[in-house]
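Enquirer: Here is a sequence with its predicted model. Questions after.
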Amino acid sequence: MAQFAVSGQHYLFDVQTFAAVVLSNGGDAYDYALRDRTTAGVIDDVASGASELGILVETTETAEDLEKAFADAGVQFVELIRSAPRVALPATHPLVNSQVLTLDQLDDYPYIYFEQEEDAPLHFAEEALAAETRKKGIACTDRASLSELIVALNGYTVTSGILVGISDGKGLTTVPLQTDVQLHLGYIVKDGAALSATGEKFVQKLKANLDRYARF
């Protein structure tokens, strides 16, 4: 029986890629898994062999610390594309028509972000510029909850700006964030491990999706 597993942070571009691979492979029987994890969870899944691939994002601020964490865990990061951080806002937000935004302009609005483990270092945050101080912050663990909270509370998050999929970005708009920080989007694999045929297909389709939807 065909087996394949991917773990990833809370992005939908890997969900769409995974679905495309399942459809492409077909077959009468298979055992696949797609796991949404915290950053530590993604690393642990790949290091333990529970998942063949882990979809992660580094930034120019976190890359050095993350690379050390990867090395300590026995995994390596492969960059596929770079993009610029963007602010995700409700379509009805007062600042939604801005050409570019600063964090100072967003200071009065709730910042919604993905919670990591209690003892996780700051560089494990999924959002760029996570170290910046916010007056209003709300942590959540679920992608759908994050999107709903942004809309319900007129909040925002900092994202890759790659909004694809069935529901990703529904009711949300992204605006460029004024920053020199860049996002490095890619995947981790276990040191010395060769990708399976399905793993290779997943990476190729993921790269194509990122090339198509990344915004700078």
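Expert: Ah, there it is.

Enquirer: any idea how the protein splits into domains?
Expert: Listed by automatic domain parsing, the domain ranges of the chain are 2-82+183-213, 83-176.

Enquirer: Any chance of CSV for those domains, columns mean neighbour count and mean pLDDT?
Expert: To be clear about C-beta, it is placed using only N, CA and C from the backbone, and glycine gets the same treatment. Output for these, formatted as CSV (neighbours: other Cβ atoms under 10 Å; pLDDT from 0 to 100):
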stretch, mean neighbour count, mean pLDDT
domain 2-82+183-213, 18, 94
domain 83-176, 17, 89
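
Enquirer: Not counting its neighbours along the chain, what's nearest residue 124?
Expert: residue 39 (4.0 Å; Cβ to Cβ, 6 or more residues apart in numbering).

Enquirer: Please report how far the one you found lies from residue 66.
Expert: 8 Å (Cβ to Cβ, to the nearest Å).

Enquirer: what bridges to residue 157?
Expert: residue 88 (DSSP bridges).

Enquirer: Sorry, slip of the keys, the one I care about is residue 4.
Expert: Beta-bridge partners for residue 4, by DSSP bridges, are residue 32.

Enquirer: just how off-centre is the helix ranked longest in the chain within its chain?
Expert: In the chain, taking DSSP state H as the definition, the longest helix is helix 197-213. Distance of helix 197-213 from the chain centroid (Cα atoms, centre = their mean, to the nearest Å) equals 15 Å.

Enquirer: Mind giving me the packing neighbours of that helix?
Expert: strand 2-8, helix 13-25, strand 53-59, strand 75-83, strand 183-190 (3 or more Cβ pairs under 8 Å, 6 or more residues apart in numbering; DSSP states H and E).

Enquirer: Just the CA atoms of that helix, as CSV, please.
Expert: Coordinates of each C-alpha in helix 197-213 appear next as CSV, following Å, rounded to 0.1, in the frame of the first residue of the first chain:
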residue,chain,number,x,y,z
ALA,A,197,8.8,9.3,-6.0
THR,A,198,5.7,10.8,-4.3
GLY,A,199,7.9,13.2,-2.3
GLU,A,200,9.6,14.4,-5.4
LYS,A,201,6.2,14.9,-7.1
PHE,A,202,5.0,16.9,-4.0
VAL,A,203,8.1,19.2,-4.0
GLN,A,204,7.7,19.9,-7.7
LYS,A,205,4.1,20.8,-7.4
LEU,A,206,4.7,22.8,-4.3
LYS,A,207,7.4,24.8,-6.1
ALA,A,208,5.0,25.4,-9.0
ASN,A,209,2.3,26.7,-6.6
LEU,A,210,4.8,29.0,-4.8
ASP,A,211,6.1,30.4,-8.1
ARG,A,212,2.6,31.1,-9.2
TYR,A,213,1.1,32.7,-6.1
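
Enquirer: ok, back up a step: quick check: neighbours shared by residue 39 and residue 66?
Expert: 56, 124 (Cβ atoms under 8 Å, 6 or more residues apart in numbering).

Enquirer: Dump the helices and strands packed on helix 197-213 into JSON lines; add distance to residue 162 as well.
Expert: What follows is the helices and strands packed on helix 197-213, written out as JSON lines (distance: least, Cβ to Cβ, whole Å):
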{"stretch": "strand 2-8", "distance to residue 162": "13"}
{"stretch": "helix 13-25", "distance to residue 162": "5"}
{"stretch": "strand 53-59", "distance to residue 162": "10"}
{"stretch": "strand 75-83", "distance to residue 162": "7"}
{"stretch": "strand 183-190", "distance to residue 162": "8"}
